[in-house]
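# Predicted model, plus sequence, below.
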Amino acid sequence: MKRKKQIKIGFAALCLAVWAFPASGGEAGYSGASFLKISPSPRASGMGESFASVSEDAYSPWWNPAGLGALERAEAAATHNASLEDVTHQYLSAAYPLRYGSAAALSLTRLSVSPFRGYDALGTPTGNVESSDLALGAAYGRALLKDEIERPVLSAGAGLKLISEKLAGVSANTAALDLGAIYYIRPSGYWAKKARAPELRAALVIRNIGPGLKFDNRSAPLPLSVTAGASWQSYPKGDSRLIISLDQTISNDENYYAALGAEYEAMQLLAVRCGYRTGQDIGSGFRFGLGFRLSVVDIDYSLSPYGELGAMHKFGVSMRFGAPAARRPLDGKTKRAEKAKLIATKEKIEKLELFAKDFLELAGKDLAARRYVAADGNINKAFNLEPALKNGAWGGRQKRLAEIIGGLRLGSIQGREGVLAAASEQAGAAAQAIAEYVEGGRFKSFLLAHAALGIDMRGDPVYEELLTVLSGLVNLPVRRDEILRREALLKEKLKKAGRAFYLRQFDAAVRECEEVLVLDGENHQAWTKLGSSYYMMGDQERAKEAFKKALSIKPGDEIIRRFMREQGWAETSAEALPAPDKAVDAKPAVR
């Protein structure tokens, strides 16, 4: 029992030990606020506490605030550390990306020791002693440099924490600053590879810069340390990942120590970790850990043996909020550090642009071959490589193509795309309607969909669904009386135009003629009727242009030529009219 009390007192002194230092301000090799050295992350502890270049999560405020510069989603983390004897350690943190490449975090660290018996200098019991430690922190990290696909190359961060210690009714307070940086090295053209490329990272962290703690007239410096770290991340098989990391630290109370660790994550689900830390007087220095990665939650555990003192067990839960982004442009939309400075060479940028344009060429070939889902995939790959392409013509094409794919459920109904790719007249007509819509011809595609269904109304249901989808997209009702083959549809609309003309409904006649010309811009009869309708409406300028177009299609139309000469339009025309072969008396309006 006496030994246990001594252990409690000894460990509390290690963590809180302000009273152990001389009043002169502390001797070299000692520090106060030792709880600041306890790693809160079970994942990091399981890797031997070699985590300075690995951290990109809610534990970054403690390990390296520069890791926040690569945070993609909001995260929250909580750790419970069942330490030696009756010492407990808790950590809470929340990190939020202001945008990719810039994130802020808040953290809370608390260490407490169960009340233990205190003694004076003569060894006389003085009653129970209560002690606790608290640190409140805020951190910020951002990407300073980025590569050609706007992934961070160099990130930097800083963290400020307010520290409070209480021991036997006496308290001390101070503040400390942490600074960090991470540099990423990736293979050239890594974004173009099918498999995820390996990554080398280098990191530098300075922790606990600030004035020491002072209890009455006794003081001690903070545990100032400088850590240089490096890690290698590779993907040996499918979704598996291997990380090997090494940290080397110099501190004012432990001189030098090194930490080496590894993590193997299988199928993005189970992680196995191990590591070793030098300079540990008690215990072997080995660390072990396990992690379970679920959809939005990580559950982590680590074990750190400390010889006769027992083992330190850490349990942690991390939660991620929001949809994940792809890690490679060819896998999907990636996050981009827009505010960081681009340091890619001109050659790398040009290679990226050419690679993106290659995917657009493939998309064009897919559209021509009626492979609509593949075309959409290639367009998106081009956009993921070069987002600026979205602002051009292909941005509109992709949006309209996605509307067709979604409306017809081409990606979910097996075989439907094959029906549209068939070598039949109806499939060809439907392909024309889709191609016209993708290129922005909304109304023409609507009319062409009527013509496609009119070829065979008993054909595959996809053709009627295409008409229904396009009807909704252009916000026009289906015209049941115009579900006809293209040639029959043109004749029907010309009949409607003639009927409207003779009923003196010239605006209706104009509308029908214009719809014919949408389908067939070289239809001589439609141009003639359009000119006649405009003339009767009193719009002579439009009538003249319509008659000119009709005459350019059919130069031998003597009726139009005679009418235009009578109106005096031939002399004012920018184009010379063909010479008449013979005189005629007919009027265009009654043709």
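That came through fine.
# Does the lengthiest helix in the chain pack against any helices or strands, and if so which?
Counting by DSSP state H, the longest helix found in the chain is helix 346-368. For helix 346-368, the packing partners by 3 or more CB pairs under 8 Å, 6 or more residues apart in numbering; DSSP states H and E come out as helix 372-385, helix 393-408. Using the backbone N, CA and C atoms, a C-beta is placed for each residue, glycine as well.
# what's the most buried one of the ones you listed?
helix 372-385 (a mean of 21; mean count of other CB atoms under 10 Å).
# can you give me the strands in the stretch 151-300 of the chain?
Taking DSSP state E, counting those that start in this stretch as the test, the strands found in the stretch 151-300 of the chain are 152-167, 170-185, 199-209, 213-215, 218-220, 225-234, 241-251, 255-266, 270-277, 286-293, 297-305.
# Whichever helix or strand comes after the last one pairs with which strands, and in what direction?
Beyond strand 297-305 on the C-terminal side, the first helix or strand identified by DSSP states H and E is strand 311-321. Looking at strand 311-321 with DSSP bridges, its partner strands are strand 74-82 (antiparallel), strand 297-305 (antiparallel).
# Tell me the strands beside the next helix or strand along the chain from strand 311-321, with direction?
Per DSSP H and E, the first helix or strand lying C-terminal to strand 311-321 is strand 341-342. Counting by DSSP bridges, the strands paired with strand 341-342 are strand 125-146 (parallel).
# quick one: low-confidence ranges for the stretch 1-150 of the chain?
Along the stretch 1-150 of the chain, segments meeting pLDDT under 70 span 1-31, 82-85, 114-130.
# Is it possible to get a markdown table of the strands of the stretch 151-300 of the chain that adds distance to E522?
What follows is the strands of the stretch 151-300 of the chain, written out as a markdown table (distance: least, CB to CB, whole Å):
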| stretch | distance to E522 |
| --- | --- |
| strand 152-167 | 57 |
| strand 170-185 | 59 |
| strand 199-209 | 59 |
| strand 213-215 | 90 |
| strand 218-220 | 93 |
| strand 225-234 | 62 |
| strand 241-251 | 61 |
| strand 255-266 | 64 |
| strand 270-277 | 67 |
| strand 286-293 | 63 |
| strand 297-305 | 65 |
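# how many other residues sit next to Y256?
Per other CB atoms under 10 Å, the neighbour tally for Y256 reads 10.
# now do A388
A388, neighbours per other CB under 10 Å, totals 10.
# quick revisit: which one of the strands paired with strand 311-321 lies nearest to F443?
Across the strands paired with strand 311-321, F443 has its closest neighbour in strand 74-82 (44.6 Å, CB to CB).
# What is the subsequent helix or strand relative to that closest one?
Counting by DSSP H and E, the next helix or strand C-terminal to strand 74-82 is strand 87-99.
# Distance-wise, check I404 relative to Y437.
As judged by CB to CB, to the nearest Å, I404 and Y437 stand 6 Å apart.
# partners of the closest residue to A271 other than its chain neighbours in the sheet?
Distance criterion CB to CB, 6 or more residues apart in numbering; nearest residue to A271, sequence neighbours excluded, is G291 at 3.7 Å. Beta-bridge pairing for G291 (DSSP bridges): A271, D300.
# which residues touch A138?
By CB atoms under 8 Å, 6 or more residues apart in numbering, the contact list for A138 reads P61, A104, A105, L106, S107, G159, L160, K161.
# ok, L144 touching G157?
No. Counting by CB atoms under 8 Å, L144 stays clear of G157, with 10.1 Å between them.
# and for the two, which residues touch both?
G69.
# of these two, who's got more company?
Neighbour count, other CB under 10 Å: between L144 and G157, G157 has more, with 26 against 18.
# for the more buried one, what are its contacts?
With contact set as CB under 8 Å, 6+ apart, G157 has these partners: 60, 64-69, 139-142, 179-181.
# do that again at 7 Å, thanks
Contact partners of G157, counting by CB atoms under 7 Å, 6 or more residues apart in numbering, are N64, P65, A66, L68, G69, A139, Y140, G141, G180.
# Give me the buried subset of these.
Among the contacts of G157, those scoring as buried are N64, P65, A66, L68, G69, A139, Y140, G141, G180 (criterion: 16 or more other CB atoms under 10 Å).
# So which of these is the closest to R458?
Proximity of these to R458 (CB to CB) peaks at G69, which lies at 61.4 Å.
# Format the helices and strands packed on helix 346-368 as JSON lines; extra columns: mean pLDDT and distance to Q90.
Below are the helices and strands packed on helix 346-368 laid out as JSON lines (pLDDT from 0 to 100; distance: least, CB to CB, whole Å):
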{"stretch": "helix 372-385", "mean pLDDT": "92", "distance to Q90": "41"}
{"stretch": "helix 393-408", "mean pLDDT": "95", "distance to Q90": "48"}
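# Mind putting these into JSON lines with distance to Y264?
Converted to JSON lines, the helices and strands packed on helix 346-368 look like this (distance: least, CB to CB, whole Å):
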{"stretch": "helix 372-385", "distance to Y264": "29"}
{"stretch": "helix 393-408", "distance to Y264": "39"}
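# Select, out of those, the one closest to A509.
helix 393-408 (31.2 Å).
# distance between the helix or strand following that closest one and the chain's centre?
Proceeding N to C from helix 393-408, the next assigned helix or strand is helix 416-420, under DSSP H and E. From the chain centre to the centre of helix 416-420 is a distance of 32 Å (CA atoms, centre = their mean, to the nearest Å).
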